[in-house]
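Novice: Next comes the sequence, and after it the predicted model I'd like to discuss.
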Amino acid sequence: MAAPNFRAPKGTRDILPPESGRRRAALDAFAEQAELAGFGEIMSPIFEDLGVFKRLGESTDVVTKEMFDFFDKGDPPQHLALRPELTASVCRGFAEHRPTPPWKVWYEGPQFRYEQPQAGRYRQFHQVGVETLGTDDPQADVDVIALGWNFYASLGLRQITLLLNSLGDPSCRPAYLEALRSYLTENYSSLSTQSRVTLERNPLRVLDSKRPEDGEIIAAAPLMVDFLTDETRDHFDAVCAGLDQLGIPYELSPRLVRGLDYYTRTTFEFVADALSTAQNAVGGGGRYDGLVEDLGGPATPGIGFALGLDRILLACDAEKVFATPEPVTKVFVVDVTGGNHALVICNSLRTAGIGADRTYDSRSMKAQMKVADRSGALLAAIIGEDEVASGEVTLRDLRGETGQRRVALGDLVSTVGRLLR
Ligand code: HAM
C-alpha cells in the first residue's frame, strides 16, 4: 500500500517557526494596544449554533455559500457551524451573560469561511478585533477606529487608508433601499446576471459588485448619505470630527457596503495600499445596533472591528516592516563530554529566564558549533574535558565581537546575564 500523502486541507496552512514567532509578536502587540484602551479579552467557542451566524444576513455569501456547518451526535442533532467571524458570538455572549454596559472586549483567533483560496484569502484565517457594547456615543466609534489605526502604525505600516461611511439606521434605511431598488430595477437590463440575482435578495449588496458591466450603474446609484436623517447625520459628523481631532486621516467612501448585513450607521474599512486590490482589505468594522436584540438580548448598540492578521503580515512584507523577532535562544550550550552538563547548564539558564538550547545525540564539536551558529544565539557556552577539570565553561561570542573567555561554572548565569544586558 502506498504511503499516505496528507496535506493541510485546501485554504489552510501550517505556520512554522520563525514566521509563527512573528505572528505571536503581532498578536501580543494587538493585545497590548487593546488592553491599554480598556478592553478585556473574550475567549469564545470556535463553533456555535448555526442560527447565531444566520444573523449575519441570510443573503450574504458568508451565510449562504461559505459556512462550515455540521450536525453533532446529539439526539436530536444540533446544527452547528465553525465561526466565520466573532461579532455574532460576542453579541450572543452579551445576551447570555448580560454584563454591565459599556462592555469592551477584544479577541483573537481563527475564523472559517469556505472561500476560493488565493493569496491573502484562506478558508482558515486569523482575526484580531474589538467590540464595544452598550453605548452609541460617537466617541466610542472614534476610540475603536483609533485603536485599529494605532495598531497598524505600531507594526510600522504607513500605507493604510481608512475608508469611512454611514449606512444609516432603521429610520432612514428603508427609504434609501426603496430608492436604490427602483434605480437598479430601471437599469435591470444593463446589470450583470449575478447582480440581477443579488438585487432580488438585497439591493445594497449590488453596490459591492466588482463586475465591470456593473461599474457605470453603481457609480450613478443613489447614495445612502443623501438619505440620512438629521440624527444619523449628526452622529456621523461627530465621528468625523473626532477623527479630525485625533489627526486620523480618512476618505469618505459613500459606496462602501460591508459583506455582512448587521451594519448600521458608522461603517469603515482599512485598506493596505501596498497590496493588490483583490485582497487589500486588511480590516473592517462598524456599528451593529440591532444585533444583540436579534440574538435574544436587550436592545444594545454596538461598534467594533476585526482585522485580518494574514493580510496584515502580507502588507508588512510589502512595506518591508515588522521583521521576524530576534531568536529567543541567547546561549547555545555545546557539550563535548558526552555527559549531562548541557542538561544542567541549559536548565539553570532557562530557570533564570535566559533562552538556552543545545543539540542531542553526542555530536562532534564541529557539528554542534554549526547548529549554534544557525540558532541565532549570541553566545556559545562550551564545555569539554578541559573545562570540566577546572570547573569552568568557555563562553564564546558567536557574533565574533568580544572573542572568548573562561568563567567559573558557578558564575555562568550571572556572567551571561551581564553580557546580555
Ligand atoms: P470582515 O470584513 O468580514 O468583517 O472581516 C474582517 C477582516 O478579516 C477583513 O478585512 C480581512 O482582512 C479578513 N478576512 C476576511 N475574510 C478573510 C479570508 N477568507 N482570508 C483572509 N482574511 C480574511 C468581520 O469579520 C466583522 N466581524 C468585523 C466587525 C467587528 N464588525 C463589527 N465588529
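Specialist: Noted; the coordinates are in hand. Computed from a predicted structure; not experimentally measured.
Novice: and the closest residue to the ligand within the stretch 251-400 of the chain, how many neighbours does it have?
Specialist: Residue nearest to the ligand within the stretch 251-400 of the chain (CB to the nearest ligand atom): Gly308, separated by 2.2 Å. Glycine gets a C-beta too; all of them are placed from N, C-alpha and C. Using other CB atoms under 10 Å, Gly308 is surrounded by 25 other residues.
Novice: List the contacts of it.
Specialist: Taking CB atoms under 8 Å, 6 or more residues apart in numbering, we find Gly308 in contact with Gly120, Phe125, His126, Gln127, Ala281, Val282, Gly283.
Novice: Which members of those occur in strands, if any?
Specialist: Of the positions in the contacts of Gly308, Phe125, His126, Gln127, Ala281, Val282, Gly283 sit in strands, assigned by DSSP state E.
Novice: out of the residues you listed, who's nearest Arg24?
Specialist: Nearest to Arg24 out of the ones in strands among the contacts of Gly308 is His126 (CB to CB; 11.1 Å).
Novice: check contacts around that closest one.
Specialist: For His126, the contact set (CB under 8 Å, 6+ apart) comprises Arg23, Glu108, Gly109, Pro110, Gln111, Gly308, Leu309, Asp310.
Novice: near the ligand, which residues of the stretch 51-200 of the chain?
Specialist: Glu85, Thr87, Arg113, Glu115, Gly120, Arg121, Tyr122, Phe125, Gln127, Gly129, Glu131 (CB under 6 Å from any ligand atom).
Novice: Can you read off the pLDDT for Gln118?
Specialist: We have a pLDDT of 94 for Gln118.
Novice: Sorry, wrong one. I was asking about Asp261.
Specialist: 89.
Novice: for the one 3 residues further on, same thing?
Specialist: The score at Thr264 is 95. That number is its pLDDT.
Novice: Next, find the distance separating it from Asp143.
Specialist: To Asp143, Thr264 is 18 Å away according to CB to CB, to the nearest Å.
Novice: Who has more neighbours out of the two?
Specialist: Thr264 (24 against 19).
Novice: on that earlier part again, so which of the residues of the stretch 51-200 of the chain next to the ligand is surrounded by the most neighbours?
Specialist: Using other CB under 10 Å as the neighbour test, these are led by Gly129, with 29 neighbours.
Novice: From the contacts of His126, keep the buried residues only.
Specialist: For the contacts of His126, a burial check counting by 16 or more other CB atoms under 10 Å picks out Arg23, Glu108, Gly109, Gln111, Gly308, Leu309, Asp310.
Novice: Contacts for the helix or strand hosting the second one, please.
Specialist: In other words, Glu108. Assigned by DSSP states H and E, Glu108 belongs to strand 103-112. Strand 103-112 is contacted from outside by 27, 30-31, 34-35, 37-44, 46, 68, 82-86, 90, 94, 123-134, 309, using CB under 8 Å, 6+ apart.
Novice: Can you select the buried ones among the residues you listed for me in ChimeraX?
Specialist: In ChimeraX, this line selects whichever of those come out buried by 16+ other CB under 10 Å:
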select :30,31,34,37,39,42,44,82,83,84,85,86,90,94,123,124,125,126,127,128,129,130,131,132,133,134,309
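Novice: Counting only helices, which of the contacts of strand 103-112 make the cut?
Specialist: Counting by DSSP state H, the part of these found in helices is Leu27, Phe30, Ala31, Ala34, Glu35, Val90, Phe94, Leu309.
Novice: that older thread, in CSV: the residues of the stretch 51-200 of the chain next to the ligand, plus distance to Gln404.
Specialist: As requested, these are exported to CSV (distance: CB to CB, whole Å):
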residue, distance to Gln404
Glu85, 55
Thr87, 57
Arg113, 54
Glu115, 55
Gly120, 47
Arg121, 51
Tyr122, 47
Phe125, 47
Gln127, 48
Gly129, 50
Glu131, 55
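Novice: In contact with the most centrally placed residue in the chain, which residues?
Specialist: Centroid-nearest residue in the chain: Gln127, 2.9 Å away (criterion: CA atoms, centre = their mean). Listed by CB under 8 Å, 6+ apart, the contact partners of Gln127 are Glu85, Leu86, Tyr107, Glu108, Gly109, Gln111, Ala306, Leu307, Gly308, Leu309.
Novice: picking up where we left off before, and the two most separated of the contacts of His126?
Specialist: Across the contacts of His126, no pair lies farther apart than Arg23 and Gln111, at 14.7 Å, counting by CB to CB.
Novice: okay, now the domains of this protein?
Specialist: Split into domains by automatic domain parsing, the chain comes to 19-172+228-319, 331-420.
Novice: what about the closest residue to Val225 other than its chain neighbours, how many neighbours?
Specialist: Distance criterion CB to CB, 6 or more residues apart in numbering; nearest residue to Val225, sequence neighbours excluded, is Pro254 at 5.0 Å. Each residue near Pro254 was counted by other CB under 10 Å, and the total is 15.
Novice: and if you look at the one 4 residues further on?
Specialist: For Arg258, the number of neighbouring residues by other CB under 10 Å comes to 22.
Novice: can you give me the helices in the stretch 301-421 of the chain?
Specialist: Ranges of helices in the stretch 301-421 of the chain, per DSSP state H, counting those that start in this stretch, are 309-319, 341-351, 365-375, 385-390, 412-420.
Novice: Which stretch among the ones you listed is buried most, on average?
Specialist: Ranked by mean neighbour count under mean count of other CB atoms under 10 Å, these are led by helix 309-319, which reaches a mean of 21.
Novice: Extract the CA atoms of that helix and return them as CSV.
Specialist: Provided in CSV are the C-alpha atoms of helix 309-319 (Å, rounded to 0.1, in the frame of the first residue of the first chain):
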residue,chain,number,x,y,z
LEU,A,309,-3.8,39.1,10.6
ASP,A,310,-2.8,37.1,7.5
ARG,A,311,-3.3,40.1,5.2
ILE,A,312,-1.7,42.5,7.7
LEU,A,313,1.5,40.4,7.6
LEU,A,314,1.4,40.4,3.8
ALA,A,315,1.1,44.2,3.9
CYS,A,316,4.1,44.2,6.3
ASP,A,317,6.1,42.1,3.8
ALA,A,318,5.1,44.5,1.0
GLU,A,319,6.2,47.6,3.1
